[in-house]
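Novice: The following block contains a protein sequence and its predicted model.
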Amino acid sequence: MKAAVFHEPGIPLAIETAADPAPETGEAVIRVHYCGVCGTDLHSTQHHTDAVGGQIMGHEFAGEIVALGSDAESGWREGDRLTSPPFISCGRCLACLQGKHFRCTGLKITGSGGVPGGFAQYVRVHLSAAVRIPDEVSWRQGALVEPLAVGLHAVRGSQRGLSGKNVLVIGAGPIGLAVSLWCRLFGARQVVVSELEPGRREMAMKYGATATIDARLNLPEQFLDLAGAPPDVIFECVGVPGMIAHAVDVAPPGAELVIVGFCMDPDTFMPAAAMAKELSMRFVVGHDKSDFQLVVDMLAGGRLDVDDMITDVYSFDQFSAGFEALRKPTHQCKILLDPTLI
Ligand SMILES: [Zn+2]
Ligand SMILES: [Zn+2]
């Protein structure tokens with residue numbers, strides 16, 4: 001099959017022929033219709049890398065079953081449309097049975113650690129985590145389920161609840177947008193999004209933001225002007241060193257910080273600064289199967305208008321350059337690989 005393969009930092013993904021995957025116990029192989037690029041794909045292929053040479057990345061995919069493992073769960077057939085959290089898990093432990101595949105002790109993550117991902121024509125999925133995509137959900141929407149589920153999981157992770165709350169979202173990348181969208185749906189009073197890039201601020205207004213802030217300006221002051229009160233809950237959705245300290249810095253006393261931005265570099269903040277304000281801090285990651293299912297249900301019901309989040313769709317030929325371009329600040333939001341364009 002054709003795939004986009006990572007070899008080493010500084011060298012764009014190579015479009016190569018890779019071995020066709022075969023389904024193992026409880027698994028299926030799907031033909032990938034779309035696979036989105038995530039911030040973590042960019043992070044993990046930078047300077048210090050945790051991606052291994054020869055890795056096919058990509059964990060935001062949707063596709064149809066072309067092969068089933070011998071004892072795949074009954075109910076799945078060739079041709080079925082699905083998306084799945086990028087988890088090859090055991091499917092039998094308590095965490096898996098509760099739909100919290102991310103906590104499976106035998107967890108392998110599709111698209112990292114040597115497990116081939118979705119920047120390819122075909123990818124393996126473990127069916128215990130997979131979620132069926134009904135016909136009302138387009139293939140492109142199917143590839144947005146994962147990032148939307150990350151946002152939903154983060155918003156559900158707030159211990160304050162969002163109803164009637166004033167919320168600050170730091171960063172308007174795909175995850176920041178997904179968080180804003182769910183905050184609005186969960187009844188937040190104000191959802192103010194702070195972002196450097198003007199194009200992304202505009203995008204935020206389509207996805208739940210009630211107002212946006214230029215991240216270069218005095219954030220607490222602007223927030224107060226816009227919302228009439230300081231934020232109750234702050235979501236950090238950037239995930240680079242210094243952002244937790246920034247969130248602590250701009251938080252009012254008593255606020256809750258939810259750390260969503262996935263940062264793989266060491267970071268520091270001053271505990272005393274957080275203590276002086278008696279902040280609550282919560283770290284969240286990934287999603288449960290129930291998050292995936294709710295996103296799919298809401299897409300199927302026409303209750304999430306998210307298609308414009310996709311700013312570019314690339315064939316294999318265009319993909320490496322498109323992937324590299326995302327490393328610089330950009331107005332682009334979600335870019336997808338369409339591996340069916342050969
Ligand atoms: Zn992702
Ligand atoms: Zn398990």
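Specialist: Structure received. Residues are numbered from 1 along each chain as shown. Ligands and ions are numbered 1, 2, ... in the order given.
Novice: quick one: the helices in the stretch 151-300 of the chain?
Specialist: Ranges of helices in the stretch 151-300 of the chain, per DSSP state H, counting those that start in this stretch, are 174-185, 198-206, 219-227, 243-250, 271-276, 289-300.
Novice: got the contact list for the last one?
Specialist: For helix 289-300, the surrounding residues in contact (C-beta atoms under 8 Å, 6 or more residues apart in numbering) are 83-85, 99-101, 129, 131-134, 136-137, 141, 144-146, 148-149, 152-153, 156, 304, 306. Placement of C-beta: from N, CA and C, glycine included.
Novice: Return the most buried member of the helices of the stretch 151-300 of the chain.
Specialist: helix 174-185 (a mean of 27; mean count of other C-beta atoms under 10 Å).
Novice: Could you pull up phi and psi at the most centrally placed residue in the chain?
Specialist: Compute the mean C-alpha point of the chain, and by C-alpha atoms, centre = their mean the closest residue is residue 147, 3.0 Å away. Backbone torsions of residue 147, given as degrees, to the nearest 10, read phi -60, psi -30.
Novice: Do I have it right that it meets residue 335?
Specialist: No - assessed by C-beta atoms under 8 Å, residue 147 is found out of contact with residue 335, at 11.7 Å.
Novice: where do the contact lists of these two overlap?
Specialist: Common contacts of residue 147 and residue 335, defined by C-beta under 8 Å, 6+ apart, comprise residue 36.
Novice: Could you list the contact residues of the chain toward ligand 2?
Specialist: Counting by C-beta under 5 Å from the ion, the chain comes close to ligand 2 at 89-90, 93, 96, 104.
Novice: Low-confidence bits of the stretch 51-200 of the chain, can you list those?
Specialist: The model of the stretch 51-200 of the chain has pLDDT under 70 over residues 72-73.
Novice: quick one: the strands in it?
Specialist: 55-56, 60-68, 81-83, 87-88, 108-109, 122-126, 131-132, 166-170, 190-195 (DSSP state E, counting those that start in this stretch).
Novice: mind listing what residue 129 touches?
Specialist: By C-beta under 8 Å, 6+ apart, the residues touching residue 129 are 84-85, 87, 89, 91, 96, 99, 101, 289, 292.
Novice: Among those residues, which lie within helices?
Specialist: Among those, the members found in helices (DSSP state H) are 96, 289, 292.
Novice: what's the closest of the residues you listed to ligand 2?
Specialist: Proximity of these to ligand 2 (C-beta to the ion) peaks at residue 96, which lies at 3.4 Å.
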